[in-house]
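**Q** Take this sequence and fold it.
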Amino acid sequence: MAGVMIDSGEMLYHALEPLKLLENKPPLWWPNPYTFEVVAGAILTQNTQWTRVEVSLEYLRSNGLLFLETLVSADDDLVVECVRPSGFFNAKSKNLKLLSEHIIESFGDFESFKEQVSRSWLLKQRGIGPESADAILCYACGREVMVVDKYTQQLLTALGYDFDDYDEVQSWCLQGFKGENLHEQYARFHGMIVEYMKRYKKGGRVDLSPFTAL
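**A** Numbering: from 1, shown residues only. Have a look, this model is predicted:
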């Protein structure tokens, strides 16, 4: 591993911490945690850049649609136009409205959804895969769930690991963590990985030099 020895997720977390990757970021990295905005963002960010998602979220916000109840009753064409900057706007707007309808049908309101929703319920929803489900559970619901994404896979590949699927990557990332504040640690861990890769991945190559002092 190019002289870098990181044997667990907890060790990687502590290797990333001194790099101050989350400086000037929200405490849990994801903006406005524990709100319906996280649910919308988790769907909109699929296969696109977060900067485009921010534009869509601002359009939804300016139209009063970042609330479960208002989005459900919103005009379909308006939602499509708000979502358009995030790409795949027809599918994403439909998935977001369907999910909102199903949340109300199954839980009544957003607060009950946050308390009662399960990962299995989320995975049954159209357009929700493991990464989106875990993002919602972690950042919207405050659960002790670690989100892994393509950046996580790419960083671990650069560190010399080879995993077959999402669950294996997630399992490795959870190794070594214990005690209190696991939710906060998992939320920030995912954020640090994303920010590290945005900063140190250049031209398909991941720079591991920040780890060489370990």
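**Q** Now for Val55, how many residues are close by?
**A** Per other CB atoms under 10 Å, the neighbour tally for Val55 reads 15. In this view, the C-beta of every residue, glycine as well, is placed from N, C-alpha and C.
**Q** quick thing: my sequence starts at 30, can you match it?
**A** Understood, numbering begins at 30; the last thing we discussed is Val84.
**Q** pretty sure it is touching Pro114, no?
**A** Yes: shown here, Val84 and Pro114 form a contact pair, counting by CB atoms under 8 Å, at 4.1 Å.
**Q** Would you enumerate the residues in contact with the residue nearest to Asp196 when sequence neighbours are not counted?
**A** Counting by CB to CB, 6 or more residues apart in numbering, Pro159 is the residue found nearest to Asp196 once chain neighbours are left out, at 7.7 Å. Each residue near Pro159 by CB atoms under 8 Å, 6 or more residues apart in numbering is listed here: 152, 195-196.
**Q** any idea how far Pro159 is from Val68?
**A** Distance of Pro159 to Val68, given as CB to CB, to the nearest Å: 16 Å.
**Q** Domain map for this protein?
**A** The chain is divided into the following domains under automatic domain parsing: 38-57+175-240, 65-169.
**Q** pLDDT on the shortest one, on average?
**A** Translated: domain 38-57+175-240. Averaging pLDDT along domain 38-57+175-240 yields 94.
**Q** okay, how far is it across it, tip to tip?
**A** Domain 38-57+175-240 stretches 14 Å from its first residue to its last (CA to CA, to the nearest Å).
**Q** what does the last one give?
**A** Here the two ends of domain 65-169 are set 7 Å apart, with distance taken as CA to CA.
**Q** which parts of stretch 212-228 are buried?
**A** 212, 214-226 (16 or more other CB atoms under 10 Å).
**Q** List the neighbours of that stretch that are in contact with it.
**A** Stretch 212-228 is touched from outside by 38, 41-42, 45-46, 48, 50-51, 54, 56-59, 62, 167-168, 171-178, 180-181, 183-184, 202-203, 206, 235, 239, with contacts defined as CB under 8 Å, 6+ apart.
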